[in-house]
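Engineer: Please find the sequence and the predicted model below.
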Amino acid sequence: EIPTVIVIGTQKGGTDALNAFMKLHPDMITSIRKEPHWFDWHLSPNETSDGKIPKKDKYAYLKAYREHAFNITDIRSHLNKTTMEKTPVYIYDLKAAYRIKSVLPKAKIIALLRDPVERAYSHYKMDGYHRKQNRTFEDCIETDIDILK
């Protein structure tokens with residue numbers, strides 16, 4: 001089944017780096033889209049409310065996904081290679097997890113995690129919006145905590 005590996009994780013957690021390294025391996029085919037977002041954005045017409053896809057819809061759902069995420073010609077000419085896609089936000093989406101389990105029960109999931117404080121600070125440094133407003137890292141954290149309450 002394609003893909004054989006799905007990478008999930010956090011923003012600023014190393015998923016881009018892992019994908020770049022995996023592309024270098026001669027027995028690896030990665031998706032043509034940086035982040036296909038298939039399992040979080042694309043519903044199956046008869047799926048259950050929690051995202052489980054019925055067996056009768058599995059083939060059509062997977063066929064559309066493969067055409068969306070992979071170069072089919074490339075895959076057909078390299079059937080013995082490992083295929084991988086990376087969409088980090090699947091880690092936050094329970095329905096995505098059920099969709100993946102419904103149609104790709106043998107897929108390996110690689111979850112990349114990072115120290116939450118380091119990740120938050122890295123995100124703060126990446127996002128210049130806060131600095132333009134003269135907001136410190138601490139201000140942003142306090143705002144986020146207030147939002148979560």
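Structural biologist: Happy to help now that I have it.

Engineer: Now do the contacts for residue 68.
Structural biologist: 33, 36, 38, 42 (Cβ atoms under 8 Å, 6 or more residues apart in numbering). The C-beta positions use only the backbone N, C-alpha and C, and glycine is treated the same way.

Engineer: Please list only the buried members of these.
Structural biologist: Buried subset of the contacts of residue 68 (neighbour count, 16 or more other Cβ atoms under 10 Å): 36, 38.

Engineer: Quick check: next helix or strand after the longest helix along the chain?
Structural biologist: As assigned by DSSP state H, the longest helix anywhere in the chain is helix 55-69. As assigned by DSSP states H and E, the chain's next helix or strand after helix 55-69 is helix 72-76.

Engineer: Contacts for that following helix, please.
Structural biologist: 2, 29, 66, 81, 83.

Engineer: Let me know the distance separating the residue nearest in space to the middle of the chain from residue 8.
Structural biologist: Nearest to the mean C-alpha position of the chain, counting by Cα atoms, centre = their mean, stands residue 87 at 1.5 Å. Residue 87 sits 7 Å away from residue 8, going by Cβ to Cβ, to the nearest Å.
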